[in-house]
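Chemist: just to be clear, the model below is a prediction. Sequence and coordinates:
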Amino acid sequence: MESRRKGFPDEFTEVFRREIGFFPPRCFPRRISASEGLVKRSTLYRNLNGHRGCVNTVEFNSTGDVLVSGSDDRQIIFWNWAAESKIFSYPSGHVDNVFQARIMPFTDDRTIITSSGDGQVRLGQILENGHVDTKRLGKHQGNVYKLDIEPGSPHIFYSCGEDGVVHHFDLRSNSATKLFCCSSFKTLKQQSHKSIGLNTIVIDPRNPNYLAVGGSDEYARVYDIRKYQWDSSNNLDRPVNAFCPHHLVGADIQITGLAYSNTSELLVSYNDELIYLFQKNMGMGPSPLSLPPEELQKLEKPQVYSGHRNARTVKGVSFFGPNHDYVLSGSDCGHIFIWKKKSAKLVRLMVGDQQIVNHLQPHPYMPFFASCGIEDSVKLWIPMADDIRPLPDDAEQIMESNRLARENHSSSTILLTPDIIMNLFRLQRHGRADIENDEEDGETYLLGFSDVEASSEGGLTGNPADCSIS
């Protein structure tokens, strides 16, 4: 068996098995798309250039032929990625960096929702004459990093913000309903209230009644939407389940990314920690602080994905493959990491950005994905290499460097002003040897995350083309 694998790539074997009738032809596309050989052939296909600042979000439409992106330049761009051409762009109406841009399904790609560092959730409606009408749908206090759409709905979506609030939107009424404000489990137990700033929200595609949120503490919380009233009356913070690795309970840590698989597995990416995959039976229940230690120890531990580093920006995490066979993440080291889901084996490591890779978006049907980061371009990655690519020679060194940086960061804090951060990036881009900082009185920011009251990204103003680190 080993000699056969050395002699023939996985995808060749799959073609052979199809030809001799081992499985129906309709199953072939899904099987070949999950081939490790194809994943190892992934390489940079092309850059899409058009933004004038860091690209924070890339999303395919439901058919996968159009890509939409948003940036620090506050522009929304529609791309024909196959032709490597910009279809059109429009100003989002936001006054700060755009963090999320999504195309609502079944709207002929004419309805776009966006969120930003200005706290706004906005609607872009493409008119028959080609103009775009934009308006504000809702407002959070602090950054709004993520939106999620009810699967298959052209009308309903949700937002979460650093104010801890989750909003429900229905485009038929152009109104926002506050569902609840996420609270610390500690204060809930004490009958008091302290909101948890939220970075990410995701709806379970297998059961859209459930949504998960994550933010400024260690717990990924799951909510049953059916328990909430759309008129916001008597809506309290009542999660039905919570997930956290045992060793992180009580840790001062944040969640930056969540993803649901097609079998309701929950993928959780932590700030300056690792990525964990939870099965449904690994939850701690609605009140994790009430769980006895002996019961906590009985819970099965989640799968762990390591090697990357997630400290300097709000990074997402994604599944990849027709059956969600792989896990994707960007990294502070500028690399793209692809692991096998079941074994957590690293199968592909690629340079994706000169600085940081923030977001990876798989195509809805084909075995390729788009990425974005600190650079001002969108990148497309397709399995078109002539041969299977091994991990780079310095893979162990890259992962060890990320591990050491993570451990060192846990014992020390670096304070940087916005001016220093900007100058650091300009130095790296232009090769200058000295740092000049003319403004001494800028507000100080922690390289990492901040409270709702002192938002790092919200405090950075000036040239929209300048990239910011949260």
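Modeler: Perfect, I can see it now. Numbering: from 1, shown residues only.
Chemist: so for stretch 140-147, mean pLDDT?
Modeler: The average pLDDT for stretch 140-147 rounds to 96.
Chemist: ok, now stretch 294-312?
Modeler: 94.
Chemist: what's the span of it, first residue to last?
Modeler: 36 Å (Cα to Cα, to the nearest Å).
Chemist: now do the buried residues in it.
Modeler: 302-303, 305-312 (16 or more other Cβ atoms under 10 Å). Yep, even glycine has a C-beta here, placed from its N, CA and C like the rest.
Chemist: which one of those residues is nearest to I374?
Modeler: Proximity of those to I374 (Cβ to Cβ) peaks at R312, which lies at 9.3 Å.
Chemist: for the closest one, helix, strand, or coil?
Modeler: At R312, secondary structure determined by DSSP: H, G, I helix; E, B strand; the rest coil is coil.
Chemist: what of H167?
Modeler: For H167, the assignment made with three-state DSSP gives strand.
Chemist: now the phi/psi pair for K298, please.
Modeler: The phi and psi values for K298, taken as degrees, to the nearest 10, are phi -80, psi -20.
Chemist: same check on M366?
Modeler: Dihedral pair for M366: phi -100, psi 160, per degrees, to the nearest 10.
Chemist: same question, P288
Modeler: Taking degrees, to the nearest 10, you get phi -60, psi -30 for the backbone angles of P288.
Chemist: what residues are bridge-paired with the residue lying closest to it once chain neighbours are set aside?
Modeler: Computed as Cβ to Cβ, 6 or more residues apart in numbering, the closest residue to P288 that is not its neighbour in sequence is A242, at 4.7 Å. Beta-bridge partners for A242, by DSSP bridges, are R221.
Chemist: again with K379
Modeler: Beta-bridge partners, per DSSP bridges, of K379: N47, S371.
Chemist: I'd guessed W79 sits against S85; true?
Modeler: Yes: the criterion here is Cβ atoms under 8 Å, and W79 meets it with S85 at 7.2 Å.
Chemist: and the pLDDT at I382?
Modeler: 94.
Chemist: correct me if wrong, but H409 is in a helix.
Modeler: Yes: H409: assigned to a helix according to three-state DSSP.
Chemist: would you map the helices across the stretch 101-250 of the chain?
Modeler: For the stretch 101-250 of the chain, the helices defined by DSSP state H, counting those that start in this stretch cover 185-189.
Chemist: quick one: mean pLDDT over whichever strand or helix holds S401.
Modeler: Of the helices and strands defined by DSSP states H and E, S401 is found in helix 395-410. Helix 395-410 shows a mean pLDDT of 90.
Chemist: now that helix: buried residues?
Modeler: Under the neighbour-count criterion of 16+ other Cβ under 10 Å, helix 395-410 has 398-399, 402, 406, 409 buried.
Chemist: centre of the chain versus that helix, how much separation?
Modeler: Centroid displacement of helix 395-410 relative to its chain, using Cα atoms, centre = their mean, to the nearest Å, is 22 Å.
Chemist: same question for stretch 343-363.
Modeler: For stretch 343-363, the distance to the chain centre is 12 Å (Cα atoms, centre = their mean).
Chemist: if we can go back for a sec, thought the residue nearest to P288 was touching P286?
Modeler: Yes: between A242 and P286 there is a contact at 7.0 Å, judged by Cβ under 8 Å.
Chemist: the two - which one has more neighbours?
Modeler: A242 (20 against 16; other Cβ atoms under 10 Å).
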